[in-house]
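Chemist: show me the folded form of this:
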Amino acid sequence: MKSQLLSAGLLTLLATIPSVHAAPPEPELIFNCELTNGKYVIVRLDHDVPTYYYGSLEKVEMTLPQNEGDKTQVRLGEMTFSGGGAYYYRFINGNYSYVVYSGTGKGWDYTGLKVYKNQKLIMKKECTNGGFLPNEYRGQGLVKEADTGDDATYGYVD
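Modeler: Below you'll find the model as predicted:
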């Protein structure tokens, strides 16, 4: 598992480094997940904005937000349950939303990726390894889903 995390982290880092002589500091890893379809989802804090990377070890297929540093396309969701809770980030790309999530309660836990077109769930993949990593970032400066009412759509287990 360590080699998978390292490989995925290196892939993401290489994909984000511009063609210059000096490499920028490595962004902080927030979420790292190998999905049931063999793809990876990685979220890194880059320029104070969570940035979503999806793809294989060989190729990053999608990066969000599309405009680097655009906090308007990233949302934070938190929910509390009796004996647990859930935490997620939603990355908005036009009519599509990509939600990385993790939750736990009495006798259950879940971590993965959900994809919505408008408000309709069109894909859900669980993590086989990984999830949120311990760090100090707690969504500072992001719009909270509870403030928009969107947590009723994206925040519940489907």
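Chemist: where in the chain is the helix or strand with the lowest mean pLDDT?
Modeler: When each helix and strand of the chain is scored by mean pLDDT, DSSP states H and E, helix 2-16 comes last, with a mean of 42.
Chemist: and the next element down the chain from it?
Modeler: On the C-terminal side of helix 2-16, the closest following helix or strand by DSSP states H and E is strand 28-35.
Chemist: that next one: which residues count as buried?
Modeler: Going by neighbour count (16 or more other Cβ atoms under 10 Å), the buried part of strand 28-35 is L29, I30, F31, N32, C33, E34, L35. Just so you know, the C-beta spots here come from the backbone N, C-alpha and C atoms, and that holds for glycine as well.
Chemist: these into CSV, with extra columns for pLDDT and distance to Y154?
Modeler: Output for the buried residues of strand 28-35, formatted as CSV (pLDDT from 0 to 100; distance: Cβ to Cβ, whole Å):
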residue, pLDDT, distance to Y154
L29, 92, 23
I30, 93, 18
F31, 94, 16
N32, 94, 21
C33, 94, 17
E34, 95, 22
L35, 95, 18
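Chemist: redo those residues as a markdown table? Include distance to T104.
Modeler: As requested, the buried residues of strand 28-35 are exported to a markdown table (distance: Cβ to Cβ, whole Å):
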| residue | distance to T104 |
| --- | --- |
| L29 | 20 |
| I30 | 17 |
| F31 | 15 |
| N32 | 18 |
| C33 | 15 |
| E34 | 19 |
| L35 | 19 |
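Chemist: and of these, the nearest to R90?
Modeler: F31 (12.4 Å; Cβ to Cβ).
Chemist: the closest one reaches N135, doesn't it?
Modeler: No. Counting by Cβ atoms under 8 Å, no contact exists between F31 and N135, whose distance comes to 9.8 Å.
Chemist: now do the helices in this structure.
Modeler: Counting by DSSP state H, residue ranges of the helices within the chain are 2-16, 145-148, 151-154.
Chemist: was I right to think V99 contacts Y89?
Modeler: Yes. At 7.2 Å, V99 and Y89 qualify as touching, with contact defined as Cβ under 8 Å.
Chemist: who does the residue nearest to N93 when sequence neighbours are not counted form a beta bridge with?
Modeler: Across the structure, with Cβ to Cβ, 6 or more residues apart in numbering as the measure, the residue nearest N93 apart from its sequence neighbours is L64 (5.5 Å). Beta-bridge partners of L64, counted by DSSP bridges, are Y52.
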